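> I would like to see how this sequence folds:
(one chain, ligands or ions: 1)
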Amino acid sequence: MTEVLLSAKNLTKRFGGLAAVNDVSIDLLRNHIHAVIGPNGAGKSTLTNLLSGDLPPSSGSVTLGKLDVTGWTPEKISGQGLGRSYQKTNIFLPFSVWENVRLAGQSRQPFAMRWLNRARQFASINERAEKALELAGLTYRKDSIAGTISHGEQRQLEIAMTLATEPQVLLLDEPLAGMGTAEAERMVALLQNIKKNHGILLVEHDMDAVFTLADRLTVMVNGQVIASGTPAEIRADAGVQAAYLGEEHA
Ligand SMILES: Nc1ncnc2c1ncn2[C@@H]1O[C@H](COP(=O)(O)OP(=O)(O)OP(=O)(O)O)[C@@H](O)[C@H]1O
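Numbering: from 1, shown residues only. Below you'll find the predicted structure:
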């Protein structure tokens, strides 16, 4: 059976009278991409924030591996193997691509490693950064200044920075936003490669990419899950057609 890396049960987040996320359960498996789709305001970002610890849930639970991480801080959750990329970039534009990835890896140096001598720490962070750059397809840009690379490459850099923390689970919020066709195709290929060793939760508005990449989809409307299943099941779901997808993916 495929390993469940992350499991959320009956998550609810209320902002005053609004249930932005309402009784949502979702599992994320190793080697799988689970896409969460839905119209603007459906609750996708709020759900991501609940999984990453950026927001505490009003009720429900989040389990990462075997640990109940409900209510943990983002730093503590990240230390247990959850990596998150944000819609708004965290990149230091005046720094090189390499420096950005290295800093991201360093920021997540586990506490237990800190007793190691500096030389060994240095080598292990460098090794992680090299691996992350390679997996994100950016080794050829290693020495470029981050502010000078293309928009698509900056999105790859965000992924490399997330990978440098050595996560098991990646939460990716609109990794294809603002990309042209060639950049989007490149990112789709990268994500297909990255999923071989990770579980990925993908929030994305590009439906062609979503239906190419996703092993499972969860469709949210007004905070609630209206459907969950394989791409074929979601395409065939009349409720999803009516609420969101329209005819183009029927
Ligand atoms: N901090 C907040 N305080 C109050 N309401 C919020 C807050 N964050 C989100 N909301 C509301 O919760 C609902 C869900 O928002 P959310 O951003 O999660 O949707 P989304 O599906 O990610 O939308 P989009 O696709 O536009 O990013 C919206 O009605 C939004 O206005």
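> So which residue is dead centre in this protein?
Leu171 (1.7 Å; C-alpha atoms, centre = their mean).
> Show me what that one is bridged to.
With DSSP bridges as the criterion, Leu171 is bridged to Arg84, Leu201.
> Please name the residues that touch it.
When contacts are counted by C-beta atoms under 8 Å, 6 or more residues apart in numbering, Leu171 touches 48, 51-52, 82-85, 200-201, 203. No exception for glycine: its C-beta is placed from N, CA and C like everyone else's.
> Need those residues in TSV (columns: neighbour count).
Below are those laid out as TSV (neighbours: other C-beta atoms under 10 Å):
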residue	neighbour count
Thr48	21
Leu51	26
Ser52	23
Leu82	29
Gly83	25
Arg84	24
Ser85	20
Ile200	27
Leu201	27
Val203	21
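> and of those residues, the nearest to Ile91?
In terms of C-beta to C-beta, no member of these lies closer to Ile91 than Ser85, at 10.5 Å.
> Now the phi/psi pair for Leu82, please.
When read as degrees, to the nearest 10, the backbone of Leu82 gives phi -110, psi 120.
> how near is the residue lying closest to it once chain neighbours are set aside to Glu183?
Spatial nearest neighbour of Leu82, excluding adjacent residues (C-beta to C-beta, 6 or more residues apart in numbering): Val169 at 4.8 Å. To Glu183, Val169 is 25 Å away according to C-beta to C-beta, to the nearest Å.
> what's the answer for Leu170, then?
Applying C-beta to C-beta, the value for Leu170 to Glu183 is 19 Å.
> repeat for Arg128
25 Å.
> Same drill for these two, tell me which one is more crowded.
Neighbour count, other C-beta atoms under 10 Å: between Arg128 and Glu183, Arg128 has more, with 21 against 17.
> you'd agree the more buried one is in a helix?
Yes: judged by DSSP: H, G, I helix; E, B strand; the rest coil, Arg128 forms part of a helix.
> Model confidence score at the nearest residue to Ser150 once chain neighbours are set aside, please.
Closest residue to Ser150 apart from its sequence neighbours, by C-beta to C-beta, 6+ apart: Glu183 at 7.3 Å. If you check Glu183, the pLDDT there is 91.
> helices and strands around the helix or strand hosting Glu183, which ones?
Glu183 belongs to helix 181-194 when assigned by DSSP states H and E. Applying 3 or more C-beta pairs under 8 Å, 6 or more residues apart in numbering; DSSP states H and E, we find helix 181-194 packed against helix 118-135, helix 151-163, strand 199-203, helix 207-213.
> and those as JSON lines, adding mean pLDDT and distance to Ser96?
Formatted as JSON lines, the helices and strands packed on helix 181-194 follow (pLDDT from 0 to 100; distance: least, C-beta to C-beta, whole Å):
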{"stretch": "helix 118-135", "mean pLDDT": "81", "distance to Ser96": "11"}
{"stretch": "helix 151-163", "mean pLDDT": "93", "distance to Ser96": "10"}
{"stretch": "strand 199-203", "mean pLDDT": "96", "distance to Ser96": "27"}
{"stretch": "helix 207-213", "mean pLDDT": "94", "distance to Ser96": "29"}
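> To the ligand, which of these lies closest?
Distance to the ligand, taken as C-beta to the nearest ligand atom, is lowest for strand 199-203 among those, at 6.8 Å.
> Residues contacting the closest one, please?
With contact meaning C-beta under 8 Å, 6+ apart, strand 199-203 is reached by 5-6, 26, 28-37, 44-45, 48, 51, 168-175, 191, 194, 210, 213-214.
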